[in-house]
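S.K.: Could you work out the structure for the sequence below:
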Amino acid sequence: MTESFKKYLAEFIGTLVLIFFSCGTAIFVGGTGLEPAARYLIISLAFGLSVVAMAYAIGPVSGCHINPAVSLAMLILKKMSTKDFIGYVIAQILGGIAGSAILLAVAKSTNIGDTLLGANGFGAFSSVNLTLLGAFIVEIFFTFVFVFAVIGVTSSDKTAAVAGIVIGLVLTFVHFIGIPLTGASVNPARSLAPAVILALGGEFGPLSQVWVFLIAPLVGGALAALTSKFLLPAKK
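M.R.: Numbers count the residues shown, from 1 in each chain. Prediction:
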């Protein structure tokens, strides 16, 4: 098994775990009747803890991007090759789709149903009926903050040991505000996966909106990379 394939497999597994546990929590906790604040807290923690777990599990292998926006930032910063970038993104998308497919199979075996598999959305698919423009703006900003934090905490060997925890916490606080707005994407693979699986079952609503959650996070990730070039010191 080549080193490149090991990296891609790690990204596949990491994204699968992120989607299954995080979106799964959104489905099953969302259907428990808990107060909204409690649901948002638990779901936010699920996303953050999933990243923490995978950061320490696959981080030594692939760096644990599990997010095309993070991989794009690393490409811009010349911390990965174009070949690896393509391999990472393909692995992330496939891992996300596999995670959503498994989640759908589990959800269909319950009395809750798929509840849109935790898909992102705006308008009628937003808890606060956020507009298209609003969704685009917040997803760029959310992803900028998240990826900028990823770059910052991984830019020094002194913070490498706590990088997974910091990144998980940042993703958690982004979800605190992001869940009622768009469901908080900040990750094209995380948004595309449930939208594709739902479309295969005849539900095209999330897929019709997914372009926002593909473009905006990539813009946010690119802006974070460009900003870091001016503000952050070289890795020490």
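
S.K.: roughly how far is stretch 224-231 from the heart of the chain?
M.R.: Here stretch 224-231 is found 21 Å from its chain centre; the criterion is Cα atoms, centre = their mean, to the nearest Å.

S.K.: Next: stretch 22-34.
M.R.: 17 Å.

S.K.: Could you work out the end-to-end span of that stretch for me?
M.R.: 17 Å (Cα to Cα, to the nearest Å).

S.K.: quick one: Ser81 and Leu75, what's the gap?
M.R.: Remark: distance between Ser81 and Leu75 (Cβ to Cβ, to the nearest Å) = 8 Å. Heads up, the C-betas are built off the backbone N, CA and C, glycines and all.

S.K.: the more surrounded of those two?
M.R.: Leu75 (21 against 12; other Cβ atoms under 10 Å).

S.K.: Check the contact between that one and Phe85; I expect there is one.
M.R.: Yes: under the contact definition of Cβ atoms under 8 Å, Leu75 touches Phe85, with a separation of 4.5 Å.

S.K.: Give me the neighbour count for Met74.
M.R.: Neighbours of Met74 (other Cβ under 10 Å): 23.

S.K.: Where does pLDDT dip in the chain?
M.R.: 1, 31, 114, 233-236 (pLDDT under 70).

S.K.: Tell me where it has helices.
M.R.: Ranges of helices in the chain, per DSSP state H, are 3-18, 24-30, 36-62, 68-76, 82-107, 132-153, 163-181, 188-200, 205-231.

S.K.: So for Ser126, which of these sits nearest?
M.R.: Taking Cβ to Cβ, helix 163-181 is the member of the helices of the chain nearest to Ser126, at 6.3 Å.

S.K.: centre of the chain versus that closest one, how much separation?
M.R.: The answer for helix 163-181 is 10 Å, by Cα atoms, centre = their mean.

S.K.: Tell me who's in contact with the residue lying closest to Ile42 once chain neighbours are set aside.
M.R.: Computed as Cβ to Cβ, 6 or more residues apart in numbering, the closest residue to Ile42 that is not its neighbour in sequence is Val29, at 5.0 Å. The neighbours of Val29, taking Cβ atoms under 8 Å, 6 or more residues apart in numbering as the test, are Arg39, Ile42, Ile43, Ala46.

S.K.: any idea which residue sits dead centre in this structure?
M.R.: Note on the chain: the residue nearest the mean C-alpha position is Asn187, at 3.6 Å, using Cα atoms, centre = their mean.

S.K.: Verify the stated contact: that residue with Asn67.
M.R.: Yes: using Cβ under 8 Å, Asn187 makes contact with Asn67 at a distance of 4.3 Å.

S.K.: and for these two, which residues touch both?
M.R.: By Cβ under 8 Å, 6+ apart, the residues touching both Asn187 and Asn67 are Pro217.

S.K.: can you count the residues close to Ala101?
M.R.: By the criterion of other Cβ under 10 Å, Ala101 has 18 neighbours.

S.K.: Repeat that for Leu214.
M.R.: Counted with other Cβ under 10 Å, Leu214 comes out at 18.

S.K.: and what of the one 10 residues further on?
M.R.: Ala224 is surrounded by 26 other residues when neighbours are defined as other Cβ under 10 Å.
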